[in-house]
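Asker: Predicted model, plus sequence, below.
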Amino acid sequence: MIEKVNPSHPDKVADRIAGAIVDLAYKKNNEPKIAVELLLGHGNCNIIIESSEDFKKDEILDIVYRITDNVKVNLNVVKQDIYLANNQNDKIRCGDNGIFKGVPLRDIDKKLAKIARDIYKIAPYDGKYILDKDKLVICQSNISNKKLKELYPNAIINPLGEWIGGTNVDCGAVNRKLGSDMALSVTGGGLHGKDLSKADVAINIYAFLKAQKENKEVNISCAIGDEVVDGIPYEEIVKIAKNYIDNIGGFEKLAEWGLY
C-alpha cells in the first residue's frame with residue numbers, strides 16, 4: 001500500500017515555501033547553509049530560518065504570498081550554530097548523523113503517483129490518495145464526487161462528502177509527508193527546507209537514485225563530519241544531489257511531489 005498527497009495539501013504547501021526559501025539562499029550563495037522550519041494554517045505562518053545568508057522580510061513574504069493564502073507571517077531569522085558552521089569551513093563534509101534507505105519504486109508507487117498527478121491537473125487543490133492493492137481511496141477537494149466517480153468508478157471517493165480543504169481549515173508543517181515523498185525509502189530525515197550539506201537531503205536523494213539504478217535496497221549510515229560516505233567523497237554525493245535538484249528545477253519543485 002502507498003499514500004500520496006498533492007502539492008496543495010497544507011503539509012506540501014509548507015514544504016514548498018521552505019523549498020523556495022532554500023532556492024533563494026542558493027541564489028545568494030553557491031554553497032549556502034540553511035535550515036527552514038515552517039508551520040502554517042488558519043491565517044498564520046510561522047517561519048524559523050537558520051542560515052549563513054541574510055534575508056529581507058519582503059523576500060520571504062513574496063514567497064509565502066505566491067504559494068499560499070493571505071496569512072500573517074511570523075518570521076525569525078538566526079545565524080547557524082557556530083559549531084555546525086565550522087564543520088563546513090574548509091571542505092564539504094557530512095552535515096549530520098543519520099541512517100538512510102533507498103528502495104526501488106514498485107509498480108503500485110508509480111501507479112498512484114500518476115493517479116495523483118492526473119487528478120491534480122483537473123483539480124489543483126488539496127488532495128490525498130491511497131492505493132492498497134486494488135483499493136483506491138481518493139480524497140480530493142473542490143471537485144464533485146460525480147466527476148471523480150466518472151473518472152475512477154471503482155474508487156472510494158471522499159467518504160465524508162465533498163470538501164474545501166486548504167490552510168484555512170487545516171495546518172501544515174515541513175517534512176510531515178515523507179511517505180508521500182519517498183515511498184518505502186523513508187527513514188528518519190526529511191527532504192525539505194535544508195541545503196545540500198545536510199545529509200537528510202543529499203544522502204536521501206543519493207540513496208534513492210542508487211536504489212533505482214541498481215534495482216535493490218540501499219542502506220547507508222553516516223556521522224557528522226564524515227568526508228567519505230558509502231565509499232565515495234561526501235562532496236561527490238552533494239554534486240549528485242545538486243545535479244538532480246537542478247534538473248527538476250530547484251528545491252521548491254522537489255517539494256511539490258517529492259522523489260517520485
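Answerer: Right, received. Where do you want to start?
Asker: Strands along the protein, start to end?
Answerer: With strands called from DSSP state E, the chain shows them at 2-5, 34-41, 44-51, 72-79, 98-102, 127-132, 135-140, 156-157, 171-173, 218-222, 228-229, 232-233.
Asker: between the ones you listed, which gets nearest to Met182?
Answerer: strand 98-102 (8.8 Å; CB to CB). C-beta: built from backbone N, CA, C; applies to glycine.
Asker: So which bits of that closest one are buried?
Answerer: Neighbour counts over strand 98-102 (16 or more other CB atoms under 10 Å) mark Gly98, Phe100, Lys101, Gly102 as buried.
Asker: so what's the last one up against?
Answerer: For Gly102, the set of contacting residues under the criterion of CB atoms under 8 Å, 6 or more residues apart in numbering consists of Ser185, Tyr206, Ala207, Phe208, Leu209, Lys210, Ala211, Gln212, Glu217, Val218, Ile220.
Asker: let's see it at 7 Å
Answerer: By CB atoms under 7 Å, 6 or more residues apart in numbering, the residues touching Gly102 are Ser185, Ala207, Phe208, Lys210, Ala211, Glu217, Val218.
Asker: quick one: low-confidence ranges for the chain?
Answerer: By pLDDT under 70, the chain has no low-scoring segment.
Asker: Dump the lengthiest helix in the chain to CSV, restricted to CA.
Answerer: Assignment by DSSP state H gives helix 10-28 as the longest helix of the chain. Presented in CSV, the C-alpha positions along helix 10-28 are these (Å, rounded to 0.1, in the frame of the first residue of the first chain):
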residue,chain,number,x,y,z
PRO,A,10,-1.2,22.0,3.6
ASP,A,11,1.9,20.0,4.6
LYS,A,12,3.2,20.2,1.0
VAL,A,13,2.4,24.0,0.9
ALA,A,14,4.8,24.2,3.9
ASP,A,15,7.4,22.1,2.1
ARG,A,16,7.1,24.3,-1.0
ILE,A,17,7.6,27.5,0.9
ALA,A,18,10.6,26.0,2.7
GLY,A,19,12.0,24.8,-0.6
ALA,A,20,11.5,28.2,-2.2
ILE,A,21,13.4,29.8,0.7
VAL,A,22,16.3,27.3,0.1
ASP,A,23,16.2,28.2,-3.6
LEU,A,24,16.5,31.9,-2.6
ALA,A,25,19.6,31.0,-0.4
TYR,A,26,21.2,29.3,-3.4
LYS,A,27,20.7,32.5,-5.5
LYS,A,28,22.6,34.4,-2.8
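Asker: now for it, which elements pack on it?
Answerer: Here helix 10-28 touches strand 34-41, helix 57-67, strand 171-173, helix 251-257, going by 3 or more CB pairs under 7 Å, 6 or more residues apart in numbering; DSSP states H and E.
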